[in-house]
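A.B. asks: Next come a sequence and a model predicted from it.
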Amino acid sequence: MKRFLTFAAALLAAAYVFAADPAEGYWVSYDDKTNEITAAWNFYVNSKGEMEARIVYSPQCDDTAVAERCSNLKGVKNFPVAGDLSKMKVLHETPWIFGLKKTSHGVWDGGNIIDCGEGKIYNCKVTFTPADGKKFKKDTLVMRGSIGPLGRNQFWLRPDSQVMESINKNKR
């Protein structure tokens, strides 16, 4: 019986460790002023156990758009893709959020986000916050972008069926 309980506890612990993190998956970012969609992102854990995210849909660009404004960003530390950022495609191929390390369930910190539209890089942290029916009506990803102690939060949501339809149309 003791062996069985030890095995069950180990199995439960392994299931918790290998379960998908709630921050993984698709999230939609919104313009703070207009509340219009700026992009849909796919968050995933890479082979090094770090979280990254790629833009999979944006109403402002098509599949051929490249990050021309990133020409000032040379040799970005720990960027997971080799090459000139200003020649990288905005959609599908480039992890604009990278280097996030898991600090607890649903919380990833210590990474960076590149604003490919402005050619700027920020520190970032993402925190999954489940819907509580009060402050958070829906599951929310709190995206914190900062430079040193100064920064701001954005609140990203899971895409609805209409946005997912747009994402699926534009998938490669």
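C.D. replies: On my side now, so go ahead. Residues are numbered from 1 along each chain as shown.
A.B. asks: quick one, strands of the chain?
C.D. replies: Chain-ordered strands for the chain, with DSSP state E as the definition, fall at 25-30, 37-45, 51-57, 95-104, 107-115, 120-129, 140-147, 150-157.
A.B. asks: Run through the neighbouring helices and strands of the last one.
C.D. replies: Pointing back at strand 150-157 there. Contacts of strand 150-157 with other secondary structure elements, assessed using 3 or more Cβ pairs under 8 Å, 6 or more residues apart in numbering; DSSP states H and E, are made with strand 25-30, strand 140-147. The way it works is simple: take the backbone N, C-alpha and C, and place the C-beta from them, glycine included.
A.B. asks: returning to what we had before: right, so of the strands of the chain, which gets closest to Asp84?
C.D. replies: With respect to Asp84, and counting by Cβ to Cβ, the nearest of the strands of the chain is strand 107-115 at 13.0 Å.
A.B. asks: Only C-alpha atoms, please: export the closest one in CSV.
C.D. replies: Extracted in CSV, the C-alpha atoms of strand 107-115 (Å, rounded to 0.1, in the frame of the first residue of the first chain):
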residue,chain,number,x,y,z
VAL,A,107,3.8,33.3,-14.3
TRP,A,108,6.8,33.8,-16.6
ASP,A,109,9.5,36.4,-16.1
GLY,A,110,12.9,37.5,-17.2
GLY,A,111,12.2,37.7,-20.9
ASN,A,112,12.0,40.4,-23.5
ILE,A,113,9.4,41.7,-26.0
ILE,A,114,10.4,43.4,-29.2
ASP,A,115,7.9,46.0,-30.6
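A.B. asks: Mind exporting the C-alpha coordinates of stretch 162-172 to CSV?
C.D. replies: Backbone C-alpha positions of stretch 162-172 (Å, rounded to 0.1, in the frame of the first residue of the first chain) are rendered in CSV as follows:
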residue,chain,number,x,y,z
GLN,A,162,-14.4,35.3,-34.9
VAL,A,163,-10.8,36.1,-34.1
MET,A,164,-9.8,32.4,-34.2
GLU,A,165,-11.5,32.2,-37.6
SER,A,166,-9.2,35.1,-38.8
ILE,A,167,-6.2,33.4,-37.3
ASN,A,168,-7.0,30.1,-38.9
LYS,A,169,-7.5,31.8,-42.3
ASN,A,170,-4.0,33.3,-42.0
LYS,A,171,-2.2,30.2,-40.6
ARG,A,172,0.7,28.8,-42.6
